[in-house]
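Engineer: Here is my input; please provide its structure:
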Amino acid sequence: MGALSQVDAIMAFEQGDLDAADVLDLFADLIESGDAWRLQGSYGRTAARLIEGGLITPKGEITEAGR
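Structural biologist: Here you go, the predicted structure:
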């Protein structure tokens, strides 16, 4: 996630201030930590779509397709 903390990245995501690579980094971190499933439902649904789309693994690793 670079220099942003997870909370800062979530706030930036909510405001639409992240580029596609930063969104993938955020969701990879949320999936790896399990927080994607503990936050409001839209985070879990987005995480599931990214996994199903082959961009992030279920363990939270960004795939080649995601890079």
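
Engineer: Check which residues of stretch 50-58 are buried.
Structural biologist: For stretch 50-58, the buried set under the neighbour-count rule, 16 or more other Cβ atoms under 10 Å, comprises L50, I51, L55, I56. Glycine gets a C-beta too; all of them are placed from N, C-alpha and C.

Engineer: Now the two most distant members of the residues you listed.
Structural biologist: I51 and L55 (7.7 Å; Cβ to Cβ).

Engineer: any common contacting residues for the two?
Structural biologist: Here I51 and L55 have no joint contacts, going by Cβ atoms under 8 Å, 6 or more residues apart in numbering.

Engineer: What are the buried residues along the longest helix along the chain?
Structural biologist: Longest helix in the chain by number of residues (criterion: DSSP state H): helix 20-33. Residues of helix 20-33 classed as buried: D22, V23, L24, D25, L26, F27, A28, D29, L30, I31 (neighbour count, 16+ other Cβ under 10 Å).

Engineer: Touching, the third one and G54? I think so.
Structural biologist: No - taking Cβ atoms under 8 Å as the definition, L24 is not a contact partner of G54, at 11.8 Å.

Engineer: where do the helices sit along this structure?
Structural biologist: 6-14, 20-33, 41-52.

Engineer: what comes into contact with the longest helix of the chain?
Structural biologist: Helix 20-33 is contacted by residues 1-2, 4, 6, 9-10, 12-13, 18, 35-36, 39, 43, 46-47, 50-51, 55-56, 58-62, 66 when judged by Cβ under 8 Å, 6+ apart.

Engineer: Just the pLDDT for the residue nearest the centre of the chain.
Structural biologist: Residue closest to the average C-alpha location in the chain (Cα atoms, centre = their mean): F27, at 0.9 Å. Looking at F27, its pLDDT is 98.

Engineer: which regions of the protein sit below the pLDDT cut-off?
Structural biologist: Residues of the chain that meet the criterion pLDDT under 70 lie in 1-3.

Engineer: please redo it, this time with the cut-off set to 80
Structural biologist: 1-4 (pLDDT under 80).

Engineer: Return the residues in contact with the residue nearest to G66 when sequence neighbours are not counted.
Structural biologist: With sequence-adjacent residues excluded and distances taken as Cβ to Cβ, 6 or more residues apart in numbering, G66 is closest to L55, at 3.7 Å. By Cβ under 8 Å, 6+ apart, the contact set of L55 is L24, I62, T63, A65, G66.
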